[in-house]
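Student: my questions are about this predicted structure, shown below with the sequence.
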Amino acid sequence: MELQCDICFVDFNLDRHRPKALPCGHTICFECVLNPALQQKCPTCRKDLDADPGELPDNILAIRMMENYEHGGAPGRKRRRTVKTHAQQLQRGVDAGRIVVEQLRQVVPLAVEALTRQLDTSVAHLRQVEEALQEELRREAADGEGALHQDLAEEQLQLVTQLEDDLHLLTSAECSVLVTEEADGAKWRSAPAALGGVGDMLRPLVLRFQADGQLEKVEDAPAPAGPAAYVGPPSIYSVSIYDTDIDFDGLLKVDDILRNKRRWKKTVRSLRNLKGRDSERLLRLVAPQLEELQISDNAVGPLVMEEVANMPLLKRLSVQLDVESNDFPDLPLQLEELNIRYPAENQLRCLQRMPRLRSLRVYGYRGPNVAFPPAPHGALLWLGVGFNSVRRATMWSLVRAYAPRLQELEIYWLVHKEGDDLGEQLAASGLQSLRRLVLDRAGSEPCAEVAACLLQRRTLRGFLAPHVEVTCNACDTSVF
């Protein structure tokens, strides 16, 4: 009688190929038990091997049969079986090699075609941006320095962003690969390796993955998991600054406020309704521990925002900036809720560097148009935006950047709006997780045109998934 391992097809022996009984009842040799490719699973039934491989018991029945065979068996027959086993192993290699060669013959031309197409696309993008640059330089030379120009088209901004991302991928320092055969099959993982030499072949392939939407930009350190995410508009609850805290000249009475021990008997974590000149002085004092801040002044300048930018614990911010001022600093990147009017361009671009931002309202942006790539973070669940004809492309780009994870979207939109394409834009935005759409009718409470509003909301429902609720904040009713 001959006994062999069903995995390596080598005859069992009393050394490296000793028969081992698995907890599930199957038997394989000790050499295969130690094989890391099995990933601590039975190769036959895929059940987990909870015991240490070195502690698995012998299959006593198999060992007794081998011992009996050694005392009365035929050595010549055993050798012929071993030779046959070696031939079987070689045959498996031949069969696998033929399949590999055949598949490579089919795939390599397709890979060359895809990489050539990627090269042609990059060349076309480069020419478009070069032509746009030459046109812009000619316009500046003709109009003179300091002249105002129209903002770049959204398509041009997207090309610039695309080329910059492509450059980052092509100049990446290292790459790691994970390949899975099937749901419960073998996996191969490479350690992060520096790209160079033969590894340079990976660069254009990675670029092709990115162009096909199969590669997503992510942060090195994702935001830590916390409690259930809040879904709703930015909310700030805090101790208020009152009108009596402002003198006749509009100056905030910082010293008087600090002398009021009843207001400061506990560590200040939030501040509400901040207003008055010299408010940056108060902020400078409470900045280290402040977590929530609402500024009620309708024209906040750079000095106040400098103090806001230096708040290490700030999570919630509501502010309206001065449209006549420039040189605003970036916003704190640890924000979780943000309500901002008239943001600067650099502040708008900060949004995609905020890994914990889950609630955002942006109104009144007046800077140059910005094209947002897909958001690298999936924390944002609530978004409110206001549209104007000049910066319309920027706001839709912002919506699309966060669309896959958004659960609620609030849009400032009139009942009767010329060129109303809201439904088409929403349908094309990729709002896969949307549960609720709110139409903001600011200044129209109650809604003055209930019938027209209802008709508009019913029309919008036809562009969205059946489960999405469409409401008007002035009517306070969903489509019935």
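Tutor: Thanks, I have the structure now.
Student: contacting residues for C447?
Tutor: 415, 441, 453, 472, 474-475 (C-beta atoms under 8 Å, 6 or more residues apart in numbering). In this view, the C-beta of every residue, glycine as well, is placed from N, C-alpha and C.
Student: let me fix that, I meant to ask about V399.
Tutor: Contacts of V399 (C-beta under 8 Å, 6+ apart): 383, 385, 406, 409, 429.
Student: wait, the third one touches W382, no?
Tutor: Read that as L406. Yes: when contacts are counted by C-beta atoms under 8 Å, L406 is listed as touching W382 (7.4 Å).
Student: which one of those two has more residues nearby?
Tutor: Between L406 and W382, L406 has the larger neighbour count (other C-beta atoms under 10 Å), namely 26 against 23.
Student: just the pLDDT at C475, thanks.
Tutor: Per-residue pLDDT puts C475 at 79.
Student: and it, how many neighbours?
Tutor: By other C-beta under 10 Å, neighbour count at C475 equals 18.
Student: now it, what's its secondary structure?
Tutor: Under DSSP: H, G, I helix; E, B strand; the rest coil, C475 falls in the coil class.
Student: and for V438?
Tutor: strand.
Student: now, which of the contacts of V399 sits nearest N298?
Tutor: N298 lies nearest to V385 out of the contacts of V399, by C-beta to C-beta, at 19.6 Å.
Student: was I right about that closest one contacting I411?
Tutor: Yes: using C-beta under 8 Å, V385 is in contact with I411, at 6.0 Å.
Student: buried stuff in stretch 451-466?
Tutor: 453-454, 456-457, 460-461, 463-464 (16 or more other C-beta atoms under 10 Å).
Student: redo these as TSV? Include secondary structure, pLDDT and distance to K315.
Tutor: What follows is these, written out as TSV (DSSP: H, G, I helix; E, B strand; the rest coil; pLDDT from 0 to 100; distance: C-beta to C-beta, whole Å):
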residue	secondary structure	pLDDT	distance to K315
C453	helix	85	35
L454	helix	86	38
Q456	helix	85	36
R457	helix	87	34
L460	helix	88	33
R461	helix	87	35
F463	coil	89	35
L464	coil	89	31
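Student: from those residues, which is closest to L61?
Tutor: L464 (66.0 Å).
Student: where does the chain have its least confident helix or strand?
Tutor: Ranking every helix and strand in the chain by mean pLDDT, DSSP states H and E puts strand 193-194 at the bottom, with a mean of 46.
Student: after the strand or helix carrying L137, next one along is what?
Tutor: For L137, the enclosing helix or strand under DSSP states H and E is helix 75-143. As assigned by DSSP H and E, the chain's next helix or strand after helix 75-143 is helix 154-170.
Student: give me the helices and strands touching that following helix, please.
Tutor: Helix 154-170 sits against helix 75-143, helix 202-211, helix 392-402, with contacts defined as 3 or more C-beta pairs under 8 Å, 6 or more residues apart in numbering; DSSP states H and E.
Student: so what's the spatially closest residue to I257 that is not a sequence neighbour up against?
Tutor: Among residues not flanking I257 along the chain, D245 sits closest, at 5.7 Å (C-beta to C-beta, 6 or more residues apart in numbering). D245 sits next to 252-253, 256-257, 276 when contact means C-beta under 8 Å, 6+ apart.
Student: where in the stretch 101-250 of the chain is pLDDT low?
Tutor: 144-154, 169-230, 232-239 (pLDDT under 70).
Student: need phi/psi at the residue nearest to N298 when sequence neighbours are not counted.
Tutor: Spatial nearest neighbour of N298, excluding adjacent residues (C-beta to C-beta, 6+ apart): Q320 at 5.1 Å. When read as degrees, to the nearest 10, the backbone of Q320 gives phi -120, psi 120.
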